[in-house]
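*Asks:* how does the following fold in three dimensions:
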Amino acid sequence: MEMTNCSLSEPDKDILDAIELWYESKRSKRGNVNRNVMAVGIGISELLQNRFPLTDDYVQSDKGSQVRGLSGACIKTVLARHGETRAFASEGGRTSRGTLPMALELATIINSALPSDTCEDTRLEAANAIADFFVERIQVDFFNRQRIEVEIDLQKPISVIVDDILAQASLRSDKPTGTVAQHLVGAKLEMLFPTIEIGKDNSNAADQQTDRSGDFQINDAAFHVTVSPMAKLTDRCRDNIRNGIRPIVVVPHDKVSFAYGLFESEGLGNRVQVIALESFIGINIEELSFYKRGLIRLNVARLLAHYNKRIEDIEPDKSLQIEIPQWALDEMDAHGE
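*Replies:* Okay, here's the model as predicted:
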């Protein structure tokens, strides 16, 4: 009876070491990796799910010009299998001229790393390990390097700049506007109260999971930041009032009237302060700057830096950071920040 190699741990290690060397060889001098490299890795892992060795005829599509089975839908399926739902690439690198040569190159590496008598269990475990590797690289080298890009036009009121940031966030498929709003407010509070510890919780953390009375608490005031005020918010504010805490609700300007009506309907209309988020941040930044153009410029740069630091420290999705314009980086450098 012919024996096959079913040692699961050693082949995985050999393959992953070889694949990591190959992957890193594709990294540019600036530290970036083209997403087609990642797409190839996902595509090859799927081919390995079904067959080994990975022959040229098998890796190539029937017409011989593309990678067999590689598409945006394929990559989306593999990412979803790993709990990753953010949009990566609609074509999956399928139409790029350099994709097929890279796939053949990677297939050769896997063929060399796996024993020729590899059994099905080992093949499947290797395929899953390769998929795990490339999903992680997509998360680290693609998603986490993305930024919210928005024009920071200092000719506009700061409240309008804040609105521009929220509008840009709302265009993303994952709709992170609430998270962005919360950390913009947190960044502003850090600037306004540098000696007070401002809450640094993941945006999904409920008030009950912290020892604060809202998203942020400054002395006897609780700040509730939301882009979608709902009925349960009235319960939190009622708890604040019962405990001697002043509730302050911060919402986008187009939700202020709705929020007022919500509290009026619950008999809390004259007990809860509702503030437009854009003005809450914008006016404070201009006041901190004594309405001086140069200081406004510096403090907008500081706001973006504080916001990005919060995302870096707190949120798993680093792509929520804002692309800081060069003038803002230069401004902080000039002030030794």
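*Asks:* hey, let's count contacts and neighbours off CA atoms from now on
*Replies:* Fine.
*Asks:* contacts for the helix or strand containing Asp163, please.
*Replies:* Assigned by DSSP states H and E, Asp163 falls within helix 158-170. Under the criterion CA atoms under 8 Å, 6 or more residues apart in numbering, residues 148-154, 175-177, 180-181, 278-283, 285-286, 300 lie in contact with helix 158-170.
*Asks:* tell me where the protein has helices.
*Replies:* Secondary structure of the chain (DSSP state H): helices at 9-25, 35-48, 56-59, 72-81, 99-113, 120-141, 158-170, 177-192, 231-242, 256-265, 277-288, 293-314, 326-334.
*Asks:* just put the ones you listed in a markdown table and tack on distance to Phe88, mean pLDDT and mean neighbour count.
*Replies:* Below are those laid out as a markdown table (distance: least, CA to CA, whole Å; pLDDT from 0 to 100; neighbours: other CA atoms under 10 Å):
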| stretch | distance to Phe88 | mean pLDDT | mean neighbour count |
| --- | --- | --- | --- |
| helix 9-25 | 18 | 83 | 15 |
| helix 35-48 | 9 | 96 | 23 |
| helix 56-59 | 22 | 95 | 16 |
| helix 72-81 | 7 | 93 | 18 |
| helix 99-113 | 16 | 95 | 19 |
| helix 120-141 | 8 | 93 | 20 |
| helix 158-170 | 17 | 96 | 19 |
| helix 177-192 | 20 | 97 | 22 |
| helix 231-242 | 35 | 94 | 16 |
| helix 256-265 | 35 | 95 | 17 |
| helix 277-288 | 31 | 97 | 20 |
| helix 293-314 | 21 | 96 | 19 |
| helix 326-334 | 27 | 92 | 14 |
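*Asks:* out of those helices, flag the one nearest Val225.
*Replies:* Among these, helix 177-192 comes nearest to Val225, with 5.7 Å by CA to CA.
*Asks:* what's next to the closest one, contact-wise?
*Replies:* So helix 177-192 is in contact with 166-167, 169-170, 196-200, 203, 215-216, 225-227, 277, 281, 284-285, 288, 303-304, 306-307, 310-311, 320, going by CA under 8 Å, 6+ apart.
*Asks:* I'd like the helices of the chain as TSV, with distance to Asp220 appended.
*Replies:* Listed next are the helices of the chain as TSV, based on distance: least, CA to CA, whole Å:
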stretch	distance to Asp220
helix 9-25	52
helix 35-48	49
helix 56-59	65
helix 72-81	44
helix 99-113	59
helix 120-141	40
helix 158-170	26
helix 177-192	15
helix 231-242	9
helix 256-265	20
helix 277-288	18
helix 293-314	23
helix 326-334	33
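*Asks:* what about those helices, which gets the closest to Ala221?
*Replies:* The nearest among the helices of the chain, by CA to CA, is helix 231-242 at 8.6 Å.
*Asks:* what about the helices of the chain, which gets the closest to Gln66?
*Replies:* Closest among those, using CA to CA: helix 99-113, at 5.6 Å.
*Asks:* I figured Asp317 hits Gln146, correct?
*Replies:* No - applying CA atoms under 8 Å, one finds Asp317 not in contact with Gln146, separated by 9.7 Å.
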